[in-house]
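In: Take a look and give me a structure for this.
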Amino acid sequence: MLKAYRLQDSRLVSLKPEAEADTDAEGQWLAEAQWIELVKPKPEELALVKHVCKLPLPKMRELDELESGSHHQDFDQGFQLNCLFFHRPDGEPRNTNAAFIHDGERLVSLCSQVLPHPRLLRRRNKLGMKPLAEPLEILLALQEIKVEGLGDETEQAYLTLSDIQKEVLGRRSEDLEDAVDGLADQEDLIGKIRLCLMDAQRDIRFLMRQPQMPKKYRKLGAELLLDIDSLMPHNDFLSEKADFLLNATQGFINMEQNRLLKIFSVAALIFLPPTLIAGIYGMNFESMPELSWAWGYPMALGFILAAAVVPILWVKRKGWL
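Out: Residues are numbered from 1 along each chain as shown. Here you go, the predicted structure:
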């Protein structure tokens, strides 16, 4: 998918080829574009953008195989910035990498997934909530939306952990196994949020070091860094909270299992003496005088009853039941 925009009166104006002839390999209709967005691009779309972009475009497979040294690249005419964006395709949290190439005149974004951040930026710009003056401001605005979204995700993670905490501390055995699954999901979510926050911190610092970055944008970058600095400790707190709740849940599960084992152990202790007596009197030996007694059978039943009641009273006195 290829989309192109130019800035007019601080608004994004979509560009399209006026005629079939304009869609040739030269891509002349892209010459005035100040933001070119490529999402899952076709080879012919990449070829069009390569004719107008003054810097080389990365290959799609390179977006998911980034080395630490290729995260930021400086060129004489501009730079390439590779950013992680947190989103939820199909409801599953994921960090997806996107490349931004600024050649001094325009911004080219390249991604293998559809991200909600550019769509939200275009909507805010259309409503007049986010005026844009130049391509560099587009990139900073996307970073701002990313940090804002990470803050919302952090808040939601806190609320989810609070709900799980009520289930865990309530010690409802039917909820404990579900709580373990929920805590594992939250731990994974918190880790992905932290990774994206660290990536945003590094990206914004890189942008602020660029010589072509105007002073007014440096102020916005400094404010975003302060927002990230405030989210980082909260992310650490959530990670520690999730770890504490997971340990507590496992402890309560072990306590429940130990309680059940204790009940079975006590039951075995209670029924062992009656079983022993019944086993003895179940032996048919000629030398057992009780077999000829008139009260031999009631006496054996009395022994069995006493052997059952005495352990119960003794266990209760010890406080084991």
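
In: can you pull out the helices in the protein?
Out: 43-52, 60-63, 116-126, 135-170, 173-208, 215-281, 296-318 (DSSP state H).

In: what about residue 271, distance to residue 303?
Out: Distance from residue 271 to residue 303, counting by Cβ to Cβ, to the nearest Å: 14 Å. No exception for glycine: its C-beta is placed from N, CA and C like everyone else's.

In: Comparing these two, which residue is more hemmed in?
Out: residue 303 (17 against 13; other Cβ atoms under 10 Å).

In: Return the per-residue confidence for residue 109.
Out: Confidence at residue 109, expressed as pLDDT, is 90.

In: can you pull the contacts of it?
Out: Taking Cβ atoms under 8 Å, 6 or more residues apart in numbering, we find residue 109 in contact with 35-38, 98-101, 118.

In: Export these to TSV and append columns for distance to residue 146 and pLDDT.
Out: Listed next are these as TSV, based on distance: Cβ to Cβ, whole Å; pLDDT from 0 to 100:
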residue	distance to residue 146	pLDDT
35	16	91
36	20	90
37	16	91
38	18	91
98	10	90
99	15	90
100	12	92
101	18	91
118	11	91
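
In: ok, those vs residue 161, which is closest?
Out: residue 98 (29.2 Å; Cβ to Cβ).

In: pLDDT (mean, whole number) over stretch 294-312?
Out: 79.

In: I would like the residues contacting the worst-scoring helix or strand of the chain on mean pLDDT, please.
Out: None of the helices or strands of the chain scores lower by mean pLDDT, DSSP states H and E than helix 60-63, at a mean of 73. Surrounding helix 60-63, the residues in contact under the criterion Cβ under 8 Å, 6+ apart are 41, 70, 82, 97-99, 110-112.

In: Taking those, tell me the two that lie furthest apart.
Out: Farthest pair in these, by Cβ to Cβ: 41 and 70, 19.7 Å.

In: Between those two, tell me which one has more neighbours.
Out: residue 41 (20 against 13).

In: Now for the closest residue to that one other than its chain neighbours: which residues touch it?
Out: The shortest distance from residue 41 to any non-neighbouring residue, by Cβ to Cβ, 6 or more residues apart in numbering, is to residue 2 (6.2 Å). Shown in contact with residue 2 (Cβ under 8 Å, 6+ apart): 36-38, 41, 45, 48-49.
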